[in-house]
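Novice: Pasting a predicted model and its sequence here:
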Amino acid sequence: MLELVDLSKKFKQMYAVKNLNMFIEKGEIVGLLGPNGAGKSTAISMLSSLVEPTNGDGRFNNISILKRPAPLRKVIGMVPQEIALYNDLTAEENLRFFGRIYRLKGNVLKKKIDEILELIGLADRRKDVVEKYSGGMKRRLNIGVALLHDPEVIIMDEPTVGIDPQSRNYILETVKRLNAEKQMTVLYTSHYMEEVEFLCDRIYIMDKGNLIASGTKDEIKRILSAEKTISIKAERLNFLCHHYGYFFFFRNHTINYRILF
Amino acid sequence: MMNGQNPNINVKVTFIEHGDEAEQVDRFMNEIENDLPQAAVEGIQSGIDGMMPISILKKEVFGSEDLKEIVEINEVHLSERTSVLDDNTYTTVIEVPDNFTYQTLKHMVLDQDTQPTLKVTQNDQHQIGSSIVSDVLNQFQEQLTLGTFLEKNGIDQNAIQLDEESYGEVTTINQKKSVTSKGYYAVGMAVMNVLFIASTIGSMAFLEKKIHVFDRVILANVSRWVYFTGVLISGTIIGFFHLLIVFGFAWLVFGVSWPDLIAFFTVTLAFAAAVGGIAVLLTAISYRFNSEVITNFFSGIVVTIMAVLGGSFFPLGDSSAIIRTLGNLTPNGAGMSAYLTILRGDGISQIGSHIFFLIIFAIVTVIIAALSFPKRGLAK
Ligand SMILES: Nc1ncnc2c1ncn2[C@@H]1O[C@H](COP(=O)(O)OP(=O)(O)OP(=O)(O)O)[C@@H](O)[C@H]1O
Ligand SMILES: [Mg+2]
């Protein structure tokens, strides 16, 4: 459904994303994992047609995202990493504005707004201006706005940063439910392995602009546990002959990977 | 010049005659000698002194007891025309075209020939003086056409048409009002002040980009035309009410009132649209360069330059034709000229070109902004 082919983005001399290949099937929840500066947000911006890639292209249902972004835009919901809301409007007004730009109106829009406020647990604060919200409430509204037009695909960039554990679980449950009930396809970006592990069928891991691992949850988990083994072994081998130790270990492994952290 | 209470009024009226008046009367008399009955010719001959409208205007009207004190008459040669107009000391320049008297006589007596026209140029910096001259010329025109001139009934009321040439501000000879200093400054400050609305809206639009709200707009497949038209309309609406508030205040506190409200609202709307247009330009520029520097530069420096050029502080345009043209090419300058014209008592027909310019300006900005914007909204 969605795929990225050799996608790169260069800022000045530095590659934020380098030769990224990725695909997402309809109805999947896919995780994108990586530390700060890995290039996750940049990759997502190119995927969602907001940033022009330096190289490569994305395809949505076999249509070039670069050449014809409109069909993709119609069906994606975007939860940006930064809170993208009007601070001086209330939750309800924000939802109404963003609903209107998706050409929703009248009763349909009203019902949708009620539904979303309920979903994100802000129904009782609907008349408060966003400025007065706590960080977590803003995050929840930031997610709610992306759901207004019933997107087929939702792209979430670290949606749980700064949210208390309870709300975080609620958000994760909600994502899972949207996927199960509405067959919503999800691309979920995070720093946290456990979030991605809980949600996702498949996981991509990036570091410094490169894709360093990809696979199903189980495959990835195996890599990661292997990595823990590396560090332990490395320490043990250290005082013996650490150079040989490393090489020996790498050569004997079946899955191709590099050290992550 | 801004002092509405100046008691030392000095009116300098300069005549530029293209032809000799006495010669024209002679020529006319020679021609009618053969065509008219002897008695009629003699009748006309006896009133020959009253048949030279320009001399009457100079000697009997401007030279009358009432006006002698304040009016200084100058006569200059045609070749000095430009230097007279450039030297700002004149109040009114009256240009008498070739054959004016001859044609006037022919038109009045024989009902032949076209109605001749005087070219009157008023200096809008001499507001009191030029309105006195206007009144005098009006009365003179009425008397002339009412027939006291030739004591002839049934003469066309519009026998002599006074035509104005635009120099300085466009003024017509029919003006009854002069712009007070309060009126001038109310207009000058309002048209400058509202420019800050444009930069405010420009930076608000850029904020939409900064906080990624604009990304949502792009993802909603909103076309760049719709977006920039939206910015234009916001600027227009806010600018419009801003102007109404400022002029409402000027009306309540300084008594600056508008003789023609429809013209006033039309100019205000057109000018507000141009302000919206500036907001569109600033938005497009800040998006393009992904920086607010331009908007800040605009509100800091460009507004001041535009205000000076447009005449918000003093009528700069009266000292040089280039600056005047430049001034009228700034939206605030065009708006200001239009407002001042209305304050002088002129109607909407006199400010068509300014209104046209303001509206075209607004439309062009949207076109420029939309075309300069990356087609699919993709950021680099
Ligand atoms: N507009 C930009 N101009 C220059 N460099 C940029 C720009 N955007 C991102 N980068 C650089 O690209 C790299 C990847 O950034 P990106 O935001 O994609 O990382 P990320 O994986 O989302 O990190 P985080 O987890 O902190 O959100 C970083 O080194 C960043 O400095
Ligand atoms: Mg990021």
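Specialist: Thanks, I have the structure now. Numbering: from 1, shown residues only, chains lettered A, B, ... in the order given. Ligands and ions are numbered 1, 2, ... in the order given.
Novice: Got the phi and psi for B:N221?
Specialist: phi 60, psi 30 (degrees, to the nearest 10).
Novice: The strand or helix carrying B:E95: partners in the sheet, and parallel or antiparallel?
Specialist: Element membership for B:E95, per DSSP states H and E: strand B:92-96. If you go by DSSP bridges, strand B:92-96 pairs up with strand B:11-17 (parallel), strand B:117-122 (antiparallel).
Novice: Show me the strands in chain A, by range?
Specialist: Assignment of strands within chain A using DSSP state E yields the ranges A:2-11, A:14-24, A:29-33, A:55-60, A:63-64, A:76-79, A:153-157, A:185-190, A:202-207, A:210-216.
Novice: mind saving the C-alpha coords of the fourth one as PDB?
Specialist: Translated: strand A:55-60. Extracted C-alpha coordinates of strand A:55-60, given in PDB (Å, rounded to 0.1, in the frame of the first residue of the first chain):
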ATOM      1  CA  ASN A  55      16.600  11.200  -3.700                       C
ATOM      2  CA  GLY A  56      14.100   8.500  -4.100                       C
ATOM      3  CA  ASP A  57      10.400   8.500  -3.900                       C
ATOM      4  CA  GLY A  58       7.500   7.000  -2.000                       C
ATOM      5  CA  ARG A  59       4.600   5.200  -3.600                       C
ATOM      6  CA  PHE A  60       1.000   5.000  -2.300                       C
END
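Novice: by contact count, what packs against that strand?
Specialist: Identification of packing neighbours for strand A:55-60 by 3 or more Cβ pairs under 8 Å, 6 or more residues apart in numbering or on different chains; DSSP states H and E yields strand A:2-11, strand A:14-24. Just so you know, the C-beta spots here come from the backbone N, C-alpha and C atoms, and that holds for glycine as well.
Novice: between the ones you listed, which gets nearest to B:H354?
Specialist: Ranking those by proximity to B:H354 (Cβ to Cβ) places strand A:2-11 first, at 47.4 Å.
Novice: picking that back up, let me have the strands paired with strand B:92-96 in CSV, adding mean pLDDT and distance to A:L95 as columns.
Specialist: Output for the strands paired with strand B:92-96, formatted as CSV (pLDDT from 0 to 100; distance: least, Cβ to Cβ, whole Å):
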stretch, mean pLDDT, distance to A:L95
strand B:11-17, 86, 68
strand B:117-122, 80, 60
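Novice: Of these, which is nearest A:M14?
Specialist: strand B:117-122 (66.8 Å).
Novice: Tell me the buried residues in the closest one?
Specialist: Going by neighbour count (16 or more other Cβ atoms under 10 Å in any protein chain shown), the buried part of strand B:117-122 is B:118-122.
Novice: cool, and stretch B:348-360?
Specialist: B:348, B:350-351, B:354-355, B:357-359.
Novice: State the mean pLDDT of it.
Specialist: For stretch B:348-360, mean pLDDT is 91.
Novice: cool, and stretch B:365-380?
Specialist: Stretch B:365-380 comes out with an average pLDDT of 79.
Novice: can you check stretch B:294-307 too?
Specialist: 85.
Novice: neighbouring contacts of that stretch?
Specialist: Applying Cβ atoms under 8 Å, 6 or more residues apart in numbering or on different chains, the external contacts of stretch B:294-307 come out as B:188, B:191-192, B:195-196, B:198-200, B:202-203, B:206, B:278, B:282, B:285-286, B:313, B:330-333.
Novice: Mind picking the two most distant members of the buried residues of stretch B:348-360?
Specialist: B:Q350 and B:I359 (16.6 Å).
Novice: For the residue of the stretch 101-250 of chain B found nearest ligand 2, grab phi and psi.
Specialist: Residue nearest to ligand 2 within the stretch 101-250 of chain B: B:H212 (11.9 Å; Cβ to the ion). The phi/psi pair for B:H212 (degrees, to the nearest 10) reads phi 70, psi 10.
Novice: which residues touch A:I101?
Specialist: Here A:I101 is in contact with B:216-217, B:220, B:222 (Cβ under 8 Å, 6+ apart).
Novice: at 7 Å instead, please
Specialist: Counting by Cβ atoms under 7 Å, 6 or more residues apart in numbering or on different chains, A:I101 makes contact with B:217, B:220, B:222.
Novice: got it, and A:Q183?
Specialist: A:Q183 neighbours (Cβ under 7 Å, 6+ apart): A:G27.
Novice: In contact with the nearest residue to B:F62 once chain neighbours are set aside: list those residues for me.
Specialist: In space, and not counting its chain neighbours, B:F62 is closest to B:V71: 4.8 Å by Cβ to Cβ, 6 or more residues apart in numbering or on different chains. Residues near B:V71 by Cβ under 7 Å, 6+ apart: B:11, B:13, B:62.
Novice: hey, what's the second one bridged with?
Specialist: When bridges are assigned using DSSP bridges, the partners listed for B:V13 are B:I73, B:T92.
Novice: how many neighbours does B:K59 have?
Specialist: Other residues lying near B:K59 total 12 when counted by other Cβ atoms under 10 Å in any protein chain shown.
Novice: typo on my end, B:V302
Specialist: 17.
Novice: same check, this time on the one 4 residues further on
Specialist: Burial measure for B:M306: 21 neighbouring residues, criterion other Cβ under 10 Å.
Novice: what's the closest of the contacts of A:I101 to B:V364?
Specialist: Nearest to B:V364 among those, with distances taken as Cβ to Cβ, is B:V222, at 21.6 Å.
Novice: that older thread, JSON lines for the contacts of B:V71, including distance to A:P53 and neighbour count?
Specialist: Converted to JSON lines, these look like this (distance: Cβ to Cβ, whole Å; neighbours: other Cβ atoms under 10 Å in any protein chain shown):
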{"residue": "B:V11", "distance to A:P53": "74", "neighbour count": "21"}
{"residue": "B:V13", "distance to A:P53": "74", "neighbour count": "25"}
{"residue": "B:F62", "distance to A:P53": "79", "neighbour count": "24"}
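Novice: Could you pull out the helices in the stretch 51-200 of chain A for me?
Specialist: A:70-75, A:91-101, A:106-119, A:135-146, A:165-182, A:193-199 (DSSP state H, counting those that start in this stretch).
Novice: In TSV: these, plus distance to ligand 1 and mean pLDDT.
Specialist: Conversion of the helices of the stretch 51-200 of chain A to TSV gives the following (distance: least, Cβ to the nearest ligand atom, whole Å; pLDDT from 0 to 100):
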stretch	distance to ligand 1	mean pLDDT
helix A:70-75	20	94
helix A:91-101	23	96
helix A:106-119	25	95
helix A:135-146	14	93
helix A:165-182	17	90
helix A:193-199	13	89
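Novice: closest one to A:N61 among those helices?
Specialist: For these, proximity to A:N61 was assessed by Cβ to Cβ; helix A:70-75 is nearest, at 7.0 Å.
Novice: Excluding chain neighbours, what is closest to A:G34?
Specialist: A:M206 (3.9 Å).
Novice: what about the one you found, distance to A:E195?
Specialist: A:M206 sits 16 Å away from A:E195, going by Cβ to Cβ, to the nearest Å.
Novice: of those two, who's got more company?
Specialist: Per other Cβ under 10 Å, whichever of A:M206 and A:E195 has more neighbours is A:M206, with 26 against 22.
Novice: give me the beta-bridge partners of that one?
Specialist: Beta-bridge pairing of A:M206 under DSSP bridges involves A:L211.
Novice: Return the residues in contact with it.
Specialist: Taking Cβ under 7 Å, 6+ apart as the test, what A:M206 contacts is A:32, A:34, A:38-40, A:212.
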